[in-house]
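> Below is the sequence, then the predicted model.
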Amino acid sequence: MDIQAICPVHTPAIYRAACELASFVTDQHYRTAVKVGFGYVPTDDGPDDYATLCAAYGRSVVTKEPLPVYSGASATSIYTTISRPETNLQFRYWHDVIHVRLGADFTFASERKVSADHLCEAARAGLSMLALRLLDADTFGQLCFGREHGGFVADQSRWAVDYVEHGYDRAAAHQLKLRREAEAADILRASGL
């Protein structure tokens, strides 16, 4: 299999670690659904604050209806680029359930608590160090980027690879460059050039 043709940003080792991580996420999704008694449903307007998430979770506990999970902004996820698109939604579901179960709102400190829980579960499951670093990049690394630069990274998969291979500063610089390029392209499109 030509890994570079499938996803040109991944080396074979990163590709294998990302596949390992995606498999773990899928397993966590299923384990979580069994434990809480409901799954998830993709939606364009999933809960975007802690109170709304808790209310949706509470409804799901009572009705056993699936928890709504935001389905947008997944095209460049590390999970989507190496696995099935729904793997990113499975991660979001697991992530949201952990928020509620830990009583962790959407503040930086609480997001850090949730990301630490993810890493502990992954380490207990025996994931490789490279898979753990990808998970850290996807959770805590992106959280730090958002706190420092506002918003989200432009390309989540590229972010994870840069973060693992070159560290936070270089990954952030590359994402800021991608953001500027996208903004310039938007301006050109809007001006009709």
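Structure received. Residues are numbered from 1 along each chain as shown.

> What segments of the chain are helices?
Shown for the chain, the helices assigned by DSSP state H span residues 3-6, 12-36, 50-63, 78-82, 86-102, 108-124, 129-136, 142-149, 156-166, 168-191.

> Highest mean neighbour count out of these?
With neighbours taken as mean count of other CB atoms under 10 Å, the helices of the chain reach their highest mean count in helix 78-82, at a mean of 25. In short, each C-beta sits where N, CA and C put it, glycine included.

> What count of nearby residues applies to the closest residue to residue 33 other than its chain neighbours?
Nearest residue to residue 33 in three dimensions, chain neighbours excluded: residue 39, at 4.5 Å (CB to CB, 6 or more residues apart in numbering). With neighbours defined by other CB atoms under 10 Å, the count for residue 39 comes to 18.

> Quick check, residue 39 in contact with residue 68.
No. Taking contacts as CB atoms under 8 Å, residue 39 lies outside contact range of residue 68: 11.0 Å.

> Return the residues in contact with the residue nearest the centre of the chain.
For the chain, residue 138 is the residue whose C-alpha lies nearest the centre (CA atoms, centre = their mean; 5.3 Å). For residue 138, the contact set (CB atoms under 8 Å, 6 or more residues apart in numbering) comprises 77-78, 91, 156, 160.

> Farthest pair within those?
91 and 160 (12.3 Å; CB to CB).

> how much space is there between residue 21 and residue 121?
To residue 121, residue 21 is 12 Å away according to CB to CB, to the nearest Å.

> what about this protein, any weak spots by pLDDT?
Applying pLDDT under 70 to the chain flags residues 1-10, 75, 80-83, 193.

> please redo it, this time with the cut-off set to 90
For the chain, applying pLDDT under 90 flags the ranges 1-16, 18-19, 45-46, 48, 71-88, 150-158, 175, 178-193.

> so residue 64 touches residue 33, yeah?
No. In this structure residue 64 lies outside contact range of residue 33 using CB under 8 Å: 10.5 Å.

> how close does the residue nearest to residue 151 when sequence neighbours are not counted get to residue 105?
Nearest residue to residue 151, sequence neighbours excluded (CB to CB, 6+ apart): residue 179, at 7.9 Å. Noted for residue 179: a distance of 27 Å to residue 105, by CB to CB.

> how far away is the spatially closest residue to residue 100 that is not a sequence neighbour from residue 127?
Spatial nearest neighbour of residue 100, excluding adjacent residues (CB to CB, 6+ apart): residue 57 at 4.6 Å. Applying CB to CB, the value for residue 57 to residue 127 is 26 Å.

> Kindly report the same for residue 98.
Using CB to CB, residue 98 is found at 17 Å from residue 127.

> How many neighbouring residues does residue 104 have?
With neighbours defined by other CB under 10 Å, the count for residue 104 comes to 18.
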